[in-house]
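>>> Please find the sequence and the predicted model below.
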Amino acid sequence: MTPTAATTPPPAPTSPKLRTRSTAATLAWTPPTATGDAEVIGYRVTVSDGRDPIDVTVRDVLVAQPSAKGMFRVIGGLKPGTSYTVTVAAVTAAGTGPSATVTATTTS
């Protein structure tokens, strides 16, 4: 048997929500129910205030078997009273899938 490389990236996570405080936010999402042709090994999260994208590595949010259970990540170092757009995408051996996007403003 010859192994084949994964070629189908996963779909986007669903139900992204962003709960904010003055300098932090909690991003919550539901993993995709299908994963393409490879297991999810992590998630790529990006944060932007419209001027400067901030890349957040989420290697501590790993799943071997995606489920309908929600995932979350706390994002710190944000500015009070600022609107942030956050994306989350599943990563597999085939690559990074499409992102789910949510926008919210931190409290003043």
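Good, I have the coordinates.
>>> which SSE is the residue most central in space within the chain in?
Taking Cα atoms, centre = their mean, the centroid of the chain lies closest to residue 88, which sits 2.3 Å from it. Using DSSP states H and E, residue 88 sits within strand 83-92.
>>> rewinding a little: for the residue nearest to the centre of the chain, what are its contacts?
Residues near residue 88 by Cβ atoms under 8 Å, 6 or more residues apart in numbering: 13, 16, 27, 29, 43-45, 58, 73, 99-100. Placement of C-beta: from N, CA and C, glycine included.
>>> re earlier: partner strands of the strand holding residue 88 and their direction?
Using DSSP bridges, strand 83-92 pairs in its sheet with strand 42-48 (antiparallel), strand 95-96 (antiparallel), strand 100-105 (antiparallel).
>>> so for it, what's the average pLDDT?
Summarised as a single mean, pLDDT over strand 83-92 is 91.
>>> List the buried residues of that strand.
Neighbour-count burial for strand 83-92 flags 84, 86-92 (criterion: 16 or more other Cβ atoms under 10 Å).
>>> Distance of the residue nearest to the centre of the chain relative to residue 71?
Residue 88 is 8 Å from residue 71, where distance means Cβ to Cβ, to the nearest Å.
>>> Could you pull out the residues contacting both of these two?
13, 29, 43.
>>> circling back: quick one: closest of the strands paired with strand 83-92 to residue 80.
Set against residue 80 and scored by Cβ to Cβ, the strands paired with strand 83-92 come closest in strand 100-105, at 9.5 Å.
>>> Mean neighbour count added to the strands paired with strand 83-92, as a markdown table?
Converted to a markdown table, these look like this (neighbours: other Cβ atoms under 10 Å):
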| stretch | mean neighbour count |
| --- | --- |
| strand 42-48 | 18 |
| strand 95-96 | 14 |
| strand 100-105 | 16 |
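>>> Much appreciated, bye for now.
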